[in-house]
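Asks: Below is the sequence, then the predicted model.
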Amino acid sequence: MLAREWWTLLKLNVLFITFALPLITLPAAWFAAISVSVAMLEDRNVWLLRDFWAAFRGRFALTTLLGLGFCGGEALAVLAVITYAGAATGQLIFAAPMTIAIVIALGLPLIATNLFVALALRPDARLADLFKVAAFALLARPLPGLVALAFVAALWVAHILFYPASVLLPVLVNFSLGALVLSLAAIGGVHLGFSYLQATTRSQTPRSPETQSA
């Protein structure tokens, strides 16, 4: 896929940076990048500018609110990790809440990725159902998401370590490749989540009297 889509990924990276520059548009631009990545993973035809703009514009308000919520939660989780880590050096009792804060700090970006992938796959689904699918995907397949997060972190660490030789990495590939890898890690669990949701809905649907009598 990388050999086939490398030029599209380069253009997607530039599109993301352009649309995310006002900062408030960053969540919607990230969702648009995820949406295009999901289309690539499903081997659908990608009309880059049209598909990116449709995803960006069509879910702008929702993804902006979700993005702000997840960013706020992540900031609080990281602050809690730092605070409890400092306290745990003096009293081991604080190691337990520090561990919980670390789990939350790692889980929030994975839930957000699963949610955006689910929204890209089923844009007309209810938000409550999308959250259920995202949570199920995280519980069912946490390891691929953690590996993807490590890969994205390694991209940025490489950018820092090899600067200024790596100055073009963010401009060329970091964002689009990160979106593709995170989408790849999430899409299997999200499909499982939708299957589970469908099975649960069927089991909760009351049968008709004719079916019951039969």
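Replies: Sure thing, it's come through. Numbers count the residues shown, from 1 in each chain.
Asks: Give me the below-cutoff pLDDT ranges for the protein.
Replies: In the predicted model of the chain, residues 205-214 satisfy pLDDT under 70.
Asks: what residue is smack in the middle of it?
Replies: The centroid of the chain falls nearest to residue 113 when counting by C-alpha atoms, centre = their mean (1.2 Å).
Asks: Give me the next element, helix or strand, following the helix or strand residue 148 falls within.
Replies: Element membership of residue 148, judged by DSSP states H and E, is helix 142-161. Once helix 142-161 ends, the next helix or strand along the chain (criterion: DSSP H and E) is helix 169.
Asks: And whatever helix or strand comes next after that following helix, what does it pack against?
Replies: As assigned by DSSP H and E, the chain's next helix or strand after helix 169 is helix 175-204. Applying 3 or more C-beta pairs under 8 Å, 6 or more residues apart in numbering; DSSP states H and E, one finds that helix 175-204 contacts helix 2-20, helix 26-41, helix 95-121, helix 127-140, helix 142-161. C-betas here are computed from N, CA, C, even on glycine.
Asks: want to try a markdown table for the ones you listed, with distance to residue 48 as columns?
Replies: Shown next, in a markdown table, are the helices and strands packed on helix 175-204 (distance: least, C-beta to C-beta, whole Å):
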| stretch | distance to residue 48 |
| --- | --- |
| helix 2-20 | 6 |
| helix 26-41 | 7 |
| helix 95-121 | 15 |
| helix 127-140 | 25 |
| helix 142-161 | 21 |
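Asks: winner for burial among those?
Replies: Burial of the helices and strands packed on helix 175-204 is given as mean neighbour count (mean count of other C-beta atoms under 10 Å); helix 26-41 ranks first at a mean of 24.
Asks: I would like the residues contacting it, please.
Replies: Here helix 26-41 makes contact (C-beta atoms under 8 Å, 6 or more residues apart in numbering) with 1, 5, 8, 12, 15-16, 19-20, 45-46, 48, 51-53, 55-56, 59-60, 63-64, 66-68, 70-71, 113, 116-117, 119-121, 175-176, 179-180, 182-184, 187.
Asks: Okay, buried residues for the very next helix or strand once past that helix please.
Replies: Note on helix 26-41: by DSSP H and E, the next helix or strand toward the C-terminus is helix 48-58. With burial defined by 16 or more other C-beta atoms under 10 Å, the residues of helix 48-58 counted as buried are 51-52, 55-56.
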